[in-house]
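Colleague: no sequence for this one, just the structure:
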């Protein structure tokens, strides 16, 4: 991926996320900085491609932490494969074949990001990810074909999953969420179809998105101590 495309991705992430969230972007196909000792154990059995992605994600996370004035701290992987962030830090890491992104903040805010290539989702996956109603809503709002709308919905649900997991510790399926347009061009709304931890069925969570010719990017940030909102 050329540098201008990654620069646009970083700029987009900084636009759709609050200014108190630090962001770093890199290409996972390039050589990355070495892992820190606490991160090495998780990477021992990884194939070279997965190791590069893992190392690039951790390097991006440390760059973002540096922008917050933190030392280059390790981000190990837990038994559930989720990142273990330093005390007082929240973050999210995502990668696709040509981009890796990490977003980091201080405090208790919940944070989830996801990046995907801008291309239609495979036909055999679409019905597993979303409904006709979801695709119609996103397709109309973004003026994209339904298969690309399905990619956007997948990306949005991944971001919501990453945001909720640190406090619920629950794995959720794609059909546990419904994603639809909230404001043309940038916003989406995700609604829980069943109770997940402290989030009841009907709870709605707003997120932001960016699309261009290369990427779909979604971001979700919310403080966990606010009163739960129902539809």
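Modeller: Perfect, I can see it now. Here the structure is a predicted model, which is why all the values come from computation and not from measurement.
Colleague: how about the nearest residue to the residue of the chain positioned farthest from its centre, chain neighbours excluded?
Modeller: When distances are taken from the C-alpha mean of the chain, residue 37 lies farthest, 25.5 Å away, according to Cα atoms, centre = their mean. Distances taken as Cβ to Cβ, 6 or more residues apart in numbering put residue 74 closest to residue 37, at 7.4 Å, once the chain neighbours are dropped. Bear in mind the C-beta positions are built from the backbone N, C-alpha and C, glycine included.
Colleague: Would you mind confirming that the one you found makes contact with residue 39?
Modeller: Yes - the criterion here is Cβ atoms under 8 Å, and residue 74 meets it with residue 39 at 5.2 Å.
Colleague: out of the two, which sits in the busier spot?
Modeller: Applying other Cβ atoms under 10 Å to residue 74 and residue 39 shows that residue 39 carries more neighbours, namely 20 against 16.
Colleague: tell me the contacts of the more buried one?
Modeller: Applying Cβ atoms under 8 Å, 6 or more residues apart in numbering, we find residue 39 in contact with 54-55, 58, 74-77.
Colleague: Which of the residues you listed has the largest number of neighbours?
Modeller: Most neighbours among the contacts of residue 39, by other Cβ under 10 Å: residue 58, with 28 neighbours.
Colleague: Can you mark which positions in the strand or helix carrying that residue are buried?
Modeller: Counting by DSSP states H and E, the element that carries residue 58 is helix 48-67. By neighbour count on 16 or more other Cβ atoms under 10 Å, the buried set for helix 48-67 is 51-65.
Colleague: ok, residues contacting it?
Modeller: With contact meaning Cβ under 8 Å, 6+ apart, helix 48-67 is reached by 22-36, 39, 42-43, 46, 71-75, 77, 83, 86, 89, 91, 93-95, 100-104.
Colleague: Show me where the protein has its strands.
Modeller: Under the criterion DSSP state E, the chain carries strands at the ranges 22-26, 89-96, 99-106, 110-117, 177-183, 187-192, 204-211, 215-222.
Colleague: quick one: the shortest one to chain centroid distance?
Modeller: The offset between the C-alpha centroid of strand 22-26 and the centroid of the whole chain comes to 12 Å, using Cα atoms, centre = their mean, to the nearest Å.
Colleague: and residue 123, how far is that from residue 28?
Modeller: Summarising the geometry, the distance separating residue 123 from residue 28, computed by Cβ to Cβ, to the nearest Å, is 27 Å.
Colleague: Out of the two, name the residue with the larger neighbour count.
Modeller: residue 28 (22 against 9).
Colleague: and the gap between that one and residue 117?
Modeller: Shown here: residue 28 relative to residue 117, a distance of 12 Å by Cβ to Cβ.
Colleague: swap in residue 26?
Modeller: Distance of residue 26 to residue 117, given as Cβ to Cβ: 16 Å.
Colleague: now residue 193
Modeller: Residue 193 sits 27 Å away from residue 117 when distances are taken as Cβ to Cβ.
Colleague: rewinding a little: now the buried members of the contacts of helix 48-67.
Modeller: Neighbour-count burial (16+ other Cβ under 10 Å) is assigned, among those, to 22-28, 32, 35-36, 39, 42, 74-75, 77, 83, 86, 89, 91, 93-95, 100-104.
Colleague: Residue 187 versus residue 178, what's the distance?
Modeller: Taking Cβ to Cβ, one finds residue 178 at 15 Å from residue 187.
Colleague: Compare the two (neighbour count), which wins?
Modeller: Remark: of residue 178 and residue 187, residue 178 carries more neighbours, 19 against 14, as counted by other Cβ under 10 Å.
Colleague: quick one, what contacts residue 71?
Modeller: Counting by Cβ under 8 Å, 6+ apart, residue 71 touches residue 65.
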